[in-house]
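Asker: let's see this in three dimensions:
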Amino acid sequence: MTYVPLAIEGGLLAVHAHPDDETLSTGGLLATWAAAGLPVTLVTCTRGEQGEVIGPDPDRLEGSGDRFGAHRERELAGALRELDVSDHYFLDQIDGALGANEPSPRYRDSGMSWVGEGAARTSAAAALPSEVPEGAFYFADLDRAAQSLARLISARRPRYVVTYEPGGGYGHPDHVRAYQLASRAVELISDDLGYVPQLLSSVIPSGVMRFGREVLGQREQFLRDLARDDVAGRGDNGGVEVVIPRPSDPLAAVSSHDPKITYVVEVRDVAGKVLRALEAHATQVQWVADWRDLPGSSARAAGVEVLGAAALSNGVFFPVFSREYVAALN
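Answerer: This is a model prediction of the structure:
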């Protein structure tokens, strides 16, 4: 594999499925572009209405549909403040913002279920649930949605459009659909204008991910203590099982293929912003560990450091790296 620095120039437009995906997949890219004073735009396809709530849920947000979606909108707004990103649209807002005559349908979180060996754990893979809500993004008219996105791309004219790789990170149906959406929108742009932004997918090379898991294993007690103290502090007597993935555990789609050329963006300087943005998604991101300033805490291999870690609702910790990686899709 060849690593090539990604030129930090021109505009960046990111396409993600739910609130929190922008930070989990491309938070460093978004913050880097913003810090450089370059145009950066985020499109979020749904409001994450079908998501889980970590820990106690006194307001009964989980399963409340639009009420939970509104809460996640507020979490997303907090994360974007940390990343210094102000140009944001939900997919169904684009046409209205750009003056289109026909209003967009509302695109809703399709939900997901864990499948395969180790479901919801280190070999996590996702698929459509047995029951899909009305208006689910996964079943949306792709060309109709892509036309909306293409209008925004035409208006912003970014150099890069970044989204998931074809497997949707870990197979989430809305992530897969977001990849299809971005790909189709770029096709429409090239057909109409002859202007073609470079389409990129967020990836984590397999060797980098396995190295990151090694570091998590070295800091296992630190992470377990962090989780224990947090659970005790919020009075969640049930707690949650903490999972530290092993280097040999199966890799999700984001790391299970290695493109010949992978573009690299150094994001250490904005890592604090990314970690704070993760914390802003409080119903989704369970624990955030920042060990950048601890003596001997940083580990490096092949030019990348592990600066901390975080865990989602399934309790599986993942490393936070000093680099983000993208691969070309066109």
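
Asker: pull out the buried residues from the longest helix seen in the chain.
Answerer: Counting residues, the longest helix found in the chain (DSSP state H) is helix 173-193. Going by neighbour count (16 or more other Cβ atoms under 10 Å), the buried part of helix 173-193 is 173-186, 188-189. Just so you know, the C-beta spots here come from the backbone N, C-alpha and C atoms, and that holds for glycine as well.

Asker: ditto for stretch 158-170
Answerer: Within stretch 158-170, the residues that count as buried by 16+ other Cβ under 10 Å are 158, 160, 161, 162, 163, 164, 165, 167, 168, 169, 170.

Asker: kindly present these as JSON lines, with separate columns for secondary structure, pLDDT and distance to residue 100.
Answerer: Listed next are the buried residues of stretch 158-170 as JSON lines, based on DSSP: H, G, I helix; E, B strand; the rest coil; pLDDT from 0 to 100; distance: Cβ to Cβ, whole Å:
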{"residue": "158", "secondary structure": "coil", "pLDDT": "97", "distance to residue 100": "20"}
{"residue": "160", "secondary structure": "strand", "pLDDT": "98", "distance to residue 100": "24"}
{"residue": "161", "secondary structure": "strand", "pLDDT": "98", "distance to residue 100": "20"}
{"residue": "162", "secondary structure": "strand", "pLDDT": "98", "distance to residue 100": "24"}
{"residue": "163", "secondary structure": "strand", "pLDDT": "98", "distance to residue 100": "22"}
{"residue": "164", "secondary structure": "strand", "pLDDT": "98", "distance to residue 100": "26"}
{"residue": "165", "secondary structure": "coil", "pLDDT": "96", "distance to residue 100": "30"}
{"residue": "167", "secondary structure": "coil", "pLDDT": "94", "distance to residue 100": "32"}
{"residue": "168", "secondary structure": "helix", "pLDDT": "95", "distance to residue 100": "28"}
{"residue": "169", "secondary structure": "helix", "pLDDT": "94", "distance to residue 100": "30"}
{"residue": "170", "secondary structure": "helix", "pLDDT": "92", "distance to residue 100": "33"}
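
Asker: tell me the one of those nearest residue 136?
Answerer: Proximity of those to residue 136 (Cβ to Cβ) peaks at residue 168, which lies at 14.6 Å.

Asker: does the closest one touch residue 175 like I think?
Answerer: Yes - the pair residue 168 / residue 175 is scored as a contact, 3.1 Å apart, by Cβ atoms under 8 Å.

Asker: buried set for the helix or strand where residue 215 lies?
Answerer: For residue 215, the host element (DSSP states H and E) is helix 206-218. Residues of helix 206-218 classed as buried: 208, 209, 210, 211, 212, 213, 215, 216 (neighbour count, 16+ other Cβ under 10 Å).

Asker: so the first one touches residue 322, yeah?
Answerer: This means residue 208. No - counting by Cβ under 8 Å, residue 208 does not reach residue 322; the two are 10.5 Å apart.

Asker: next helix or strand past the least confident helix or strand in the chain by mean pLDDT?
Answerer: Lowest on mean pLDDT, DSSP states H and E among the helices and strands of the chain sits strand 299-301, with a mean of 63. Using DSSP H and E, the helix or strand that follows strand 299-301 in sequence is strand 304-311.

Asker: strands paired with the helix or strand that comes right after that next one, and their directions?
Answerer: Downstream of strand 304-311, the next assigned helix or strand under DSSP H and E is strand 317-321. Partners of strand 317-321 in the sheet, by DSSP bridges, are strand 304-311 (antiparallel).

Asker: got the angle for the partner strand vs helix 206-218?
Answerer: Interaxial angle of strand 304-311 relative to helix 206-218 (axes from the mean of the first three to the mean of the last three Cα atoms, to 10 degrees): 60 degrees.

Asker: any residues touching strand 304-311, and which ones?
Answerer: For strand 304-311, the surrounding residues in contact (Cβ atoms under 8 Å, 6 or more residues apart in numbering) are 208, 211-212, 215-216, 219, 223, 227, 242-243, 268, 271, 275, 278, 285-292, 298-299, 317-323.
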